[in-house]
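Colleague: only the shape, not the letters, is given here:
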């Protein structure tokens with residue numbers, strides 16, 4: 001009788017240990033996937049900051065040639081400032097849907113403002129021939145492409161995280177460990193990304 005009780009107790013303890021190990025495994029996987037998408041977002045952040053840093057130099061270069069296009073230049077600076085604010089909020093919590101939507105909207109606005117600026121610059125032959133302008137345009141275009149790649153990697157990481165935490169059995173324990181909220185995809189207008197600002201200086 002006593003031996004039977006010990007066997008039952010041993011089996012119960014064994015099951016608890018097995019379940020505990022399994023739950024720890026789920027927790028560790030959730031943390032790894034979360035760290036992966038947060039790191040992926042930091043790569044986007046690096047590239048966007050680089051682009052934001054290039055824009056004031058671009059505006060200064062253009063200003064001397066396009067004195068009558070003040071409204072366009074101000075629109076670029078305003079769009080850049082909104083994008084900086086959006087990035088700061090999104091970087092604080094990439095799982096915040098409102099912050100990610102704000103960033104996406106600000107980025108689309110900035111891409112549109114830059115596109116208008118580059119289109120207007122076609123009417124200024126001296127500006128098109130400016131070597132500093134050519135270099136800045138090339139750097140901005142290159143940065144746009146890097147943003148697109150980084151965004152794709154981030155969205156892949158977010159999808160992996162969200163998919164894992166929504167499957168069973170992780171879904172049963174994710175909320176207990178603070179993983180109840182889905183990470184947010186960062187979606188720009190695909191046409192705007194595909195048409196990164198390009199200017200021909202030929």
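Modeller: On my side now, so go ahead. In this text, all values refer to a predicted model and were calculated from it rather than measured experimentally.
Colleague: residue 185: what's it in contact with?
Modeller: 100, 155, 158-159 (C-beta atoms under 8 Å, 6 or more residues apart in numbering). Glycine gets a C-beta too; all of them are placed from N, C-alpha and C.
Colleague: which PyMOL command selects the buried ones in these?
Modeller: The command below creates a PyMOL selection of those among the contacts of residue 185 that count as buried (16 or more other C-beta atoms under 10 Å):
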select buried, resi 100+155+158
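Colleague: so which of the contacts of residue 185 are in helices?
Modeller: The helices, defined by DSSP state H, take in 100, 155, 158-159 from the contacts of residue 185.
Colleague: look through this protein and tell me its longest helix.
Modeller: With secondary structure taken from DSSP H, the chain has its longest helix at helix 2-63.
Colleague: any idea of the mean pLDDT for that one?
Modeller: Helix 2-63 carries an average pLDDT of 89.
Colleague: next one: stretch 100-120
Modeller: Stretch 100-120 comes out at a mean pLDDT of 91.
Colleague: from the chain's centroid, how far away is it?
Modeller: 15 Å (C-alpha atoms, centre = their mean, to the nearest Å).
Colleague: same thing with stretch 6-24?
Modeller: 42 Å.
Colleague: adding distance to residue 36, write the ones in helices among the contacts of residue 185 out as a markdown table.
Modeller: Listed next are the ones in helices among the contacts of residue 185 as a markdown table, based on distance: C-beta to C-beta, whole Å:
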| residue | distance to residue 36 |
| --- | --- |
| 100 | 17 |
| 155 | 12 |
| 158 | 9 |
| 159 | 11 |
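Colleague: closest one of those residues to residue 34?
Modeller: residue 158 (9.8 Å; C-beta to C-beta).
Colleague: measure the closest one to residue 52 for me?
Modeller: From residue 158 across to residue 52, the span is 23 Å (C-beta to C-beta, to the nearest Å).
Colleague: residues making contact with stretch 117-127?
Modeller: In contact with stretch 117-127 (C-beta under 8 Å, 6+ apart) are residues 58, 61-62, 65-66, 69, 72-73, 76, 128, 133, 137, 197-199.
Colleague: tell me which residues of that stretch are tucked away?
Modeller: 117-118, 120-121, 127.
Colleague: can you lay out those as CSV showing distance to residue 11 and secondary structure?
Modeller: CSV is the format used below for these (distance: C-beta to C-beta, whole Å; DSSP: H, G, I helix; E, B strand; the rest coil):
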residue, distance to residue 11, secondary structure
117, 72, helix
118, 72, helix
120, 78, helix
121, 77, helix
127, 80, helix
